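Participant: I would like the atomic coordinates for the input below:
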Amino acid sequence: MAIEPPQGFRTSGEEPRGTRLILVRHGEAHCNVAGIVGGPRGCTGLTALGREQAETLADRVARSHEFDQAVALYSSVLERAKHTAAIVSRALPLSEVIEDCDLCELHPGLADAMGWDEMVATFGGPDWDRDPDEPFAPQGESWSGFYERCVTAFFRLSVLHPEGQVLLFVHGGVIEQAMKLAIGAPASARLRLRTEHCSLTEIEIDAGEVRLLRYNDRAPRVVTAR
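Facilitator: As a prediction, this is how the structure comes out:
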């Protein structure tokens, strides 16, 4: 007599296999606080609180050793992600961080470094519920294009690292695309998540199958906004 439910009904079982992508959202950034579109020009790194959040996460992983077996570390090329990676990687045996623009937040085009009010006044702002293929701003990316870029990067990294943990220091938008992939949502979907700074989201990619292992996992000593 079978003691395991059919595939798809099981809620526990073997250890994760294949590639485990751990997506780390950056700490609070100056562009977040100032209301600035944080592309390559608009992003100027972490606030003091953002650094504290990253240090809290670094302290957690140093004590837990949960990523001691990580096979690779990657970061977006934006300063807030790079700064977070630099702080957290000091707590890991593997310290080399590879920068990858495919892990960046949605490319803002000509809206980069504008305030949000200025961006809307100048370009109107996209209506992605109506047309997910509309660019964010001239020379910028669309919502559906952002999804395709991120998903292509996730599968590319799973081929480069077919087994083990791979840490990605990324952005809330990138994490939303990973969540859509894991739950089978379309490229046009807008989940409107509340992904916290320096939280962990993990997906498993094994033989082309994607599973969500955790979302919005934060360090025990949570540093909240003041």
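Participant: where do the helices sit along this structure?
Facilitator: With DSSP state H, the ranges of helices along the chain come out as 30-34, 48-64, 79-89, 116-123, 143-160, 172-183.
Participant: Name the residues of the strand ranked longest in the chain that come out as buried.
Facilitator: Scanning the chain for the longest strand, with DSSP state E as the assignment, gives strand 209-217. By neighbour count on 16 or more other C-beta atoms under 10 Å, the buried set for strand 209-217 is 210, 215. For every residue, glycine as well, the C-beta is placed using N, CA and C.
Participant: Columns distance to residue 133 on top of the helices of the chain, output as JSON lines?
Facilitator: Output for those, formatted as JSON lines (distance: least, C-beta to C-beta, whole Å):
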{"stretch": "helix 30-34", "distance to residue 133": "26"}
{"stretch": "helix 48-64", "distance to residue 133": "33"}
{"stretch": "helix 79-89", "distance to residue 133": "26"}
{"stretch": "helix 116-123", "distance to residue 133": "16"}
{"stretch": "helix 143-160", "distance to residue 133": "5"}
{"stretch": "helix 172-183", "distance to residue 133": "15"}
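Participant: So which of those is the most surrounded?
Facilitator: Comparing the helices of the chain by mean neighbour count (mean count of other C-beta atoms under 10 Å), helix 79-89 comes out on top with a mean of 24.
Participant: got the angle between that one and helix 172-183?
Facilitator: Put simply, helix 79-89 runs at 70 degrees to helix 172-183, going by axes from the mean of the first three to the mean of the last three C-alpha atoms, to 10 degrees.
Participant: I'd like the mean pLDDT over helix 79-89, please.
Facilitator: Helix 79-89 shows a mean pLDDT of 98.
Participant: just stretch 137-156 next, same as before
Facilitator: Mean predicted lDDT for stretch 137-156 stands at 98.
Participant: quick one: contacts of that stretch?
Facilitator: Applying C-beta atoms under 8 Å, 6 or more residues apart in numbering, the contact partners of stretch 137-156 are 21, 100, 102-103, 106-111, 119, 122-123, 126, 128, 132-136, 173-174, 177-178, 180-181, 187-188, 190, 203, 205.
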